[in-house]
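Trainee: I would like to see how this sequence folds:
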Amino acid sequence: MLSIAFAFLATSVAEQMAPAKKGLLQCQSPIDSTKTCDSISRVTQVSSGSYRFENEILIDADGPVILLERAIATVQGNKLCETVRLAEIDKFAIFINGKPATSAERARYRANIKEKFAPIAGRAICTSVVPDEDGLQTVEASISGQRLPILDYTMKWVGPNDGWKVAP
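Mentor: Model prediction:
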């Protein structure tokens, strides 16, 4: 049994991201009964050593408030890694109840996000996808090489036309 678990841990990034090549999307923290996700990511391989993530992220259930982010993650062993850059937050599009946020609203949300991410600015966040027993996957996280299980979350691959959405 342990050999199977270790085999999953050693899965290459290409194997972890294989469903994306079939057009599937990552649904983070899925709720099957409502077909909702805390975020949805479209993953595209850019090169043998990098992947582009186009993320739609729920940042506030009131509204709801959705942030759109694009990021490039690089392959490091069996993980995908990205360095947190606070300046990138100024490029994020923000929508409230499906409509673009006003300048003041964008400024407020961006300032809040920067404050939350300031302690890890300039540090690498790395993740790997590990299958769970119940058919979901766990995205395991580390910051600057230190494994932080508190940042782990469940994820499942979903079809783009299957009715899944980012919502509270």
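Trainee: from here on, contacts and neighbour counts on C-alpha atoms
Mentor: Fine.
Trainee: Need the three-state assignment for the residue lying closest to Leu151 once chain neighbours are set aside.
Mentor: Of all residues not flanking Leu151 in the chain, Ala141 sits nearest, at 5.8 Å (Cα to Cα, 6 or more residues apart in numbering). Here Ala141 is recorded as strand under DSSP: H, G, I helix; E, B strand; the rest coil.
Trainee: Ala141 contacts Thr154, doesn't it?
Mentor: No: using Cα atoms under 8 Å, Ala141 is not in contact with Thr154, being 11.4 Å away.
Trainee: now that we're looking at the residue nearest to Leu151, how far away is Arg147 from it?
Mentor: According to Cα to Cα, to the nearest Å, Ala141 stands 6 Å off from Arg147.
Trainee: Same drill for those two, tell me which one is more crowded.
Mentor: In terms of neighbours (other Cα atoms under 10 Å), Ala141 is the more surrounded of Ala141 and Arg147; the figures are 22 against 15.
Trainee: beta partners for that one?
Mentor: Per DSSP bridges, the residues bridged to Ala141 are Thr127.
Trainee: From Tyr51, how far off is it?
Mentor: Ala141 is 17 Å from Tyr51, by Cα to Cα.
Trainee: Please apply the same query to Val84.
Mentor: Following Cα to Cα, the distance that separates Val84 from Tyr51 is 16 Å.
Trainee: now do Ile150
Mentor: Distance, Ile150 to Tyr51, by Cα to Cα: 24 Å.
Trainee: tell me what the host helix or strand of Lys116 is packed against?
Mentor: Lys116 belongs to helix 103-117 when assigned by DSSP states H and E. With contacts taken as 3 or more Cα pairs under 8 Å, 6 or more residues apart in numbering; DSSP states H and E, helix 103-117 sits against no other helix or strand.
Trainee: Other residues contacting it?
Mentor: The contact list for helix 103-117 (Cα atoms under 8 Å, 6 or more residues apart in numbering) reads 84, 86, 89-90, 93-94.
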